[in-house]
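K.L.:
Just the structure for this:
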Amino acid sequence: MTVTIKDGFRSSLILGLVAGLAGCSLVVDFDRDAVRDAGATDAGAGDGGDDAGSDAGTDAGTDAGPACSNGMEDTGEACDDGNMTAGDGCSDSCAIEAGFECTGFGADTCTAICGDGMMVGAEACDDGFTSACGDCNADCTAAGTAVMCGDGAICADTEVCDDMNTADDDGCSMDCATIETGWVCSMEPSVCAETCGNGVIDMGEGCDDGNNMDGDGCTAACVAEPGFTCLGAPSTCVTMCGDGIMAGAEVCDDGNTAADDGCAMGCDAVETGWDCTGDTPTVCTAICGDGMMLGAEVCDDGNTTDETACPYGMATCTGCASDCLMAPALTGNVCGDGVIDMMNETCDDMDATADDGCSDTCQTEAGWDCGMAMPSVCTENCGDSMVVGAEVCDDGDTDTETECDYGTASCTLCNATCGAELMLSGPICGDGTVNGPETCDDQNSDGCGTCNGTCTAAITYAAATGSITAADGTATGDGATITLNDGVNPAVTFEFDSNATCTETATNRCVAFTADVSVPPASSADAIAAVLSTEIGDSSIAITSSVAGAVLTLTNATFSGNGNGVAGNIPIASSGLTAAWTTMISGMSGGQARNCGVGLGCNEANVCSGSCIGMFCD
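P.N.:
Prediction:
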């Protein structure tokens, strides 16, 4: 229902009627044309009212509208106490002032709010409380009892405790209005003591295990910790394996008590091969790469590598992905597949047969070259001294030789392709031709002739020589002898004869002399030396003699001048001579045989001091 208010009287009437209606809503609509303003009336057309349709006002037909202080709560006003006085609860702009509350609808009654801490209006005081405690009484009309939090006196209206301070966490709260959880306070002033830790479950406690320690199931505030169940007083707190909360001595709790899922059935160990993290609940995953296939793993080969091929030697296999969740089918290299596995093979000729260049383990065999082609093609290495494959021979080179090496009379060598053997001869010492390291070659290697046995040096030779210094007749005894041997002819003895008793033969020559020194010259040393030299020259012995005074110089003149024969230098022998003779005899010595010299056949047994039959001698 909508009511239009025309003037004050009818407004009062209508409002009274409206107030008596039950279940109706009232919307007040002011007719601003009919509102009197200072006794004037509108100059507009009549509105059917008592003013006979016209206002005789003096405001030129305009209306100032409802004014604050008219005692009516017009639109936009929070109050209207019928005056324009500030500080009485409703301001001169019809707003409710701080610290007041206004009631009624029109001509509002505004009163100060006691207990809001603001002293306004008729209040004698306001300490922020609506009790008699403190500085102000309960209705803010007079002083209170002056009891305040922290003074030790308990105001029943506002305080449940007062421990003579305004601090928290000591049992009595800072405003004395609350006994803090876990405490009990008694007496006045209040004495507060903690109840948690006394082994008795007091009000507000979920447990009390007799201590104020965290981590044992019952906290220092006597609240059961997550993952624990606490029973009894004092409380005994135990963990519940399988509740998904890792607590106490538990090292994991995956929400169950099953084994083989990472967390042991007693929650006291992480099972081998698993990694568990978190505590509400613990999440366990199998460790990939440890060689143990667990949980969701479909394989575990001991590593976290994505294999792309089987290990060498396996043609097919099942691999394992780096996360152990896939097991792909793979292939791999094997010996004999024609593909060279660089890590394990040096060749692969598509078979696993040995002795064809590539062995049964796919290694290049000695004497072969298999290259890097795939599959391998192996060929023999001619010239490496190894006969393999189709080779007939291999002499260590790829030359076609025409003769043996020096010092080898005959040999079997190989051609350049190792496909055929060659029967050859070669230069040696004694073949009569100077070759290789030779400096001479006299057609033998026995050390005979003009060259030594290794053909590296010429042989030098010399005749054996000797000397005899004769003594005079008085020092030469009749029958004394001197014997010479040239090593080829029979030895000849020269017998000194002073009385013509010597018998001369081919091997016994007589050297006449006179023992009487008074019969010169036959008794002088020079004369005796001359006779001895003549007899040597006339004998069959091949020793020449030259004489100078009493000294005879002897030279072996045997065949070839090769010294004194196979026995070596044969010294001069004597018998019966006095010391004057024997000390004057030396040789024969110094002879060096050439053995068989070049030019003559060695057809006389004692020509050479060695054996060179069939060779050449001079």
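K.L.:
Might one say that residue 258 is in contact with residue 266?
P.N.:
No: applying Cβ atoms under 8 Å, one finds residue 258 not in contact with residue 266, separated by 11.2 Å. C-beta here means a position set from N, CA and C on the backbone, and glycine is covered the same way.
K.L.:
In terms of pLDDT, where does the most centrally placed residue in the chain sit?
P.N.:
Using Cα atoms, centre = their mean, the residue of the chain that lies closest to the mean C-alpha position is residue 303, 16.6 Å off. Note for residue 303: predicted pLDDT of 93.
K.L.:
Residue 176 contacts residue 164, doesn't it?
P.N.:
No: using Cβ under 8 Å, residue 176 makes no contact with residue 164, being 9.9 Å away.
K.L.:
quick one: which of these two has more around it?
P.N.:
Shown here are residue 176 and residue 164; by other Cβ atoms under 10 Å, residue 176 has more neighbours (28 against 14).
K.L.:
what about the more buried one, distance to residue 484?
P.N.:
Note on residue 176: its distance to residue 484, by Cβ to Cβ, to the nearest Å, is 163 Å.
K.L.:
And for residue 513, the neighbour number?
P.N.:
23.
K.L.:
so who does it touch?
P.N.:
The contact partners of residue 513, by Cβ atoms under 8 Å, 6 or more residues apart in numbering, come to 473, 476, 496, 497, 498, 522, 523, 527, 528, 531.
K.L.:
what do you get if the cut-off is 7 Å, keeping everything else the same?
P.N.:
Taking Cβ atoms under 7 Å, 6 or more residues apart in numbering, we find residue 513 in contact with 473, 476, 496, 498, 522, 523, 528, 531.
K.L.:
now it: how far from residue 494?
P.N.:
In terms of Cβ to Cβ, residue 513 sits 11 Å off from residue 494.
K.L.:
Which of the helices or strands spans the residue nearest to the centre of the chain?
P.N.:
Per DSSP states H and E: residue 303 is located in neither a helix nor a strand.
K.L.:
Run through the helices of this protein in chain order.
P.N.:
8-20, 525-538, 579-582 (DSSP state H).
K.L.:
For beta bridges, what are the partners of residue 465?
P.N.:
residue 555, residue 589 (DSSP bridges).
K.L.:
Next, work out how far apart it and residue 543 are.
P.N.:
9 Å.
K.L.:
Of the two, which one has the most company?
P.N.:
residue 543 (26 against 18).
K.L.:
Any idea what that one is bridged to?
P.N.:
What pairs with residue 543, by the bridge criterion (DSSP bridges), is residue 556.
K.L.:
Can you verify my assumption that it contacts residue 553?
P.N.:
No: the criterion here is Cβ atoms under 7 Å, and residue 543 misses it with residue 553 at 10.6 Å.
K.L.:
Report the contact partners of residue 581.
P.N.:
471, 475, 476, 574.
K.L.:
With residue 421 instead?
P.N.:
Contacts of residue 421 (Cβ under 7 Å, 6+ apart): 392, 393, 412, 414.
K.L.:
Quick check: beta-bridge partners of it?
P.N.:
residue 414.
K.L.:
what does the model give it for pLDDT?
P.N.:
92.
K.L.:
Could you measure from it over to residue 218?
P.N.:
Taken as Cβ to Cβ, the span from residue 421 to residue 218 is 105 Å.
K.L.:
ok, now which ones touch residue 379?
P.N.:
Contacts of residue 379 by Cβ under 7 Å, 6+ apart are 368, 369.
K.L.:
And residue 59, what's its pLDDT?
P.N.:
43.
K.L.:
now do the one 10 residues further on
P.N.:
Residue 69 carries a pLDDT value of 85.
K.L.:
That one against residue 82, yeah?
P.N.:
Yes: with contact defined as Cβ under 7 Å, residue 69 reaches residue 82; the gap is 5.9 Å.
K.L.:
Overlap in contacts, these two.
P.N.:
With Cβ under 7 Å, 6+ apart, residue 69 and residue 82 have no common neighbours.
K.L.:
Could you tell me which residues touch both of residue 465 and residue 543?
P.N.:
By Cβ under 7 Å, 6+ apart, the residues touching both residue 465 and residue 543 are 554, 555.
K.L.:
neighbours of residue 501, just the number please.
P.N.:
Residue 501: 10 neighbours (other Cβ under 10 Å).
K.L.:
Name the nearest residue to it, ignoring sequence neighbours.
P.N.:
residue 478 (7.4 Å; Cβ to Cβ, 6 or more residues apart in numbering).
K.L.:
show me what contacts that neighbour?
P.N.:
Residue 478 neighbours (Cβ under 7 Å, 6+ apart): 496, 497, 498, 499.
K.L.:
Just give the number of residues close to the third one.
P.N.:
To tie it back to what came earlier, the one meant is residue 498. Counted with other Cβ under 10 Å, residue 498 comes out at 20.
K.L.:
what sits against it?
P.N.:
Applying Cβ under 7 Å, 6+ apart, the residues near residue 498 are 473, 478, 513, 514, 515.
K.L.:
What's the separation between the first one and residue 122?
P.N.:
Applying Cβ to Cβ, one obtains 200 Å for the distance of residue 473 from residue 122.
K.L.:
Likewise for the last one?
P.N.:
Relative to residue 122, residue 515 is positioned 203 Å away (Cβ to Cβ).
K.L.:
that older thread, if you rank the contacts of residue 421 by neighbours, which is first?
P.N.:
residue 414 (25 neighbours).
K.L.:
out of the contacts of residue 498, what pair is the most spread apart?
P.N.:
478 and 514 (10.7 Å; Cβ to Cβ).
K.L.:
For residue 264, which non-adjacent residue is closest in space?
P.N.:
Here the residue nearest residue 264, using Cβ to Cβ, 6+ apart, is residue 271, at 5.7 Å.
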